[in-house]
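Peer 1: I would like to see how this sequence folds:
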Amino acid sequence: MAREDSQLLMEDMKVFIVVKSQLVPCVVCALTKPHKMRYQLLKCSSETCKEAAPYDECLWKGKVLTYQGLNRVTITETVAHETLG
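Peer 2: This is a model prediction of the structure:
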């Protein structure tokens, strides 16, 4: 999706923190010229999830891949949040 669309989508997500952010070689697209993509690993930091499970952390994780030259973003999520709201 376009970078602007991904920003709107991420604004609607629960609160998260970026636990890892680095440039890595692109392994997704078929461009012949080597190029980089930004890899970000996200972790839930929502207060509602902390209140729902005070002795356990929310297992939700997100991954954002930003293709530097193409201005495209891929967002994936694993595991559901502790709460829906």
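Peer 1: what are the pairing partners of the strand or helix carrying Tyr39, and which direction each?
Peer 2: Tyr39 belongs to strand 36-44 when assigned by DSSP states H and E. Neighbouring strands of strand 36-44 in its sheet, by DSSP bridges, are strand 16-25 (antiparallel), strand 61-67 (antiparallel).
Peer 1: Would you reformat those strands as TSV and include distance to Thr32?
Peer 2: Quick note: C-beta positions are derived from backbone N, CA and C, even for glycine. As requested, these are exported to TSV (distance: least, Cβ to Cβ, whole Å):
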stretch	distance to Thr32
strand 16-25	13
strand 61-67	15
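Peer 1: dump the residue contacts of Cys29.
Peer 2: By Cβ atoms under 8 Å, 6 or more residues apart in numbering, the contact set of Cys29 is 67, 70.
Peer 1: If Val24 is in a bridge, with which residues?
Peer 2: What pairs with Val24, by the bridge criterion (DSSP bridges), is Met37.
Peer 1: I figured it hits Gln40, correct?
Peer 2: No. With contact defined as Cβ atoms under 8 Å, Val24 and Gln40 do not form a contacting pair (10.6 Å).
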